[in-house]
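Test case, fold it:
(one chain, ligands or ions: 1)
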Amino acid sequence: MDQTQTTALGARLFVIAALAAAAWALVFKTGVANTDEAGIVLHLPEQVADWSGVDLLFCPNRECGAQYAATEVEGRAACPRCGAPLGNMNWAERSMLPADTGLVRKYYVRPGGRDALNATIVLSGDDRSSIHRPQVCMTAAGNEIADERTIRIPLAGRDAPLDVRVLDMARPYKRPDGTSATAYSYYAYWFVGKDRETASHIVRMAWMGYDRIFHGVSHRWAYIAIAGTRSPGSGAHLQTIADFASQLHPALLKPE
Ligand SMILES: [Zn+2]
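Residues are numbered from 1 along each chain as shown. Prediction:
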């Protein structure tokens, strides 16, 4: 049994134990306090290693769907194309996420325009349901998940590596001339709660249940996502994700 299998088995046993405890607690316990404590800061740095980031603004109008670098629409509160008020969520996020969900996003590029990617932090509000299983949103947006795995990224100054779930996606589309083409992209993510970190949606759910039951609290969980394009048949994007995530991770830690 290799380490990945051991981890998967461990996670499954933990989930089963937590679910059993949840069933017990539903019967015998009441009173769970929401806390405002989050495990990270809701802020993305301007610079991550040699990547430079700019803020993105979105038009909430589904028919328009425009997105802009903040520098393109400096000083303007409305979409130049359709006049709708610009915000930091795209139409899908605005329609799916509760209004008190925190969200920050930046578009990062390396010198020469290399390794362009979007980084997003979503922080759940009072309604703890804001964070969904990402696979559902991706397939709803027309993507096929071609491959999926957890990568372990070494972090400077910490023994435990950072686990990140990476989805390789393919989305068929029609070019303006009617011919078929495929867009290849990746979506990488992990979850952070107070003193908790996991790339697994089910482990996160189990931790939430555990904290509710044994500590009587529900913390705000955050979700960190990195997205970009990839070349089909190449694993080069995994190195890009590892480089970026290992440099971003220390910048997200809360000051003690
Ligand atoms: Zn618009």
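
Close to the ion: what parts of the stretch 51-200 of the chain are there?
When proximity is defined as C-beta under 5 Å from the ion, the stretch 51-200 of the chain approaches the ion at Cys59, Asn61, Cys64, Ala66, Cys79, Arg81, Cys82, Ala84. Yep, even glycine has a C-beta here, placed from its N, CA and C like the rest.

mind redoing it with 8 Å?
Counting by C-beta under 8 Å from the ion, the stretch 51-200 of the chain comes close to the ion at Cys59, Pro60, Asn61, Cys64, Gly65, Ala66, Cys79, Pro80, Arg81, Cys82, Gly83, Ala84.

wait, the fourth one sits on Gly83?
Spelled out, that is Cys64. No - here Cys64 lies out of contact with Gly83, judged by C-beta atoms under 8 Å, at a distance of 9.1 Å.

These two: who's more crowded?
The neighbour comparison of Cys64 against Gly83 (other C-beta atoms under 10 Å) goes to Cys64, with 15 against 10.

just checking, the more buried one is part of a helix?
No - applying DSSP: H, G, I helix; E, B strand; the rest coil, one finds Cys64 to be coil, outside a helix.

Setting the sequence-adjacent residues aside, check what's closest to it.
The shortest distance from Cys64 to any non-neighbouring residue, by C-beta to C-beta, 6 or more residues apart in numbering, is to Cys82 (4.2 Å).

what sits against the one you found?
Neighbour list for Cys82: Cys59, Asn61, Glu63, Cys64, Ala66 [criterion: C-beta atoms under 8 Å, 6 or more residues apart in numbering].

Tell me the secondary structure of Val203, please.
The assignment at Val203 comes out as helix when based on three-state DSSP.

Tell me how many other residues surround it.
Neighbour count of Val203, defined by other C-beta under 10 Å: 21.

which SS state does the residue nearest the centre of the chain fall under?
Geometric centre of the chain, nearest residue: Ala225, 2.8 Å, by C-alpha atoms, centre = their mean. Reduced to three states with three-state DSSP, the structure at Ala225 is strand.

Report the beta-bridge partners for it.
Taking DSSP bridges as the rule, Ala225 bridges to Thr120, Tyr189.

sorry, back to before: widest-spaced pair of the contacts of Cys82?
Pairwise distances across those (C-beta to C-beta) peak at 10.1 Å, for the pair Glu63 and Ala66.

Can you pick out the residue with more neighbours from these two?
Under the criterion of other C-beta under 10 Å, the comparison of Glu63 against Ala66 puts Ala66 first, with 16 against 8.

is it true that the more buried one touches Cys59?
Yes - judged on C-beta under 8 Å, Ala66 makes contact with Cys59 at a distance of 4.2 Å.

what is in contact with the two at once?
Residues touching both Ala66 and Cys59 (C-beta under 8 Å, 6+ apart): Cys79, Arg81, Cys82.

which ones are touching the closest residue to the second one other than its chain neighbours?
Counting by C-beta to C-beta, 6+ apart, Ala66 is the residue found nearest to Arg81 once chain neighbours are left out, at 5.1 Å. When contacts are counted by C-beta under 8 Å, 6+ apart, Ala66 touches Phe58, Cys59, Cys79, Pro80, Arg81, Cys82.

per-residue confidence for the residue of the stretch 101-250 of the chain found nearest the ion?
Per C-beta to the ion, Arg105 is where the stretch 101-250 of the chain lies closest to the ion, at 17.3 Å. For Arg105, the pLDDT comes out at 91.

how much space is there between the residue nearest to it when sequence neighbours are not counted and Arg212?
Excluding its sequence neighbours, the residue lying closest to Arg105 (C-beta to C-beta, 6+ apart) is Thr120, at 4.4 Å. Thr120 sits 26 Å away from Arg212, going by C-beta to C-beta, to the nearest Å.
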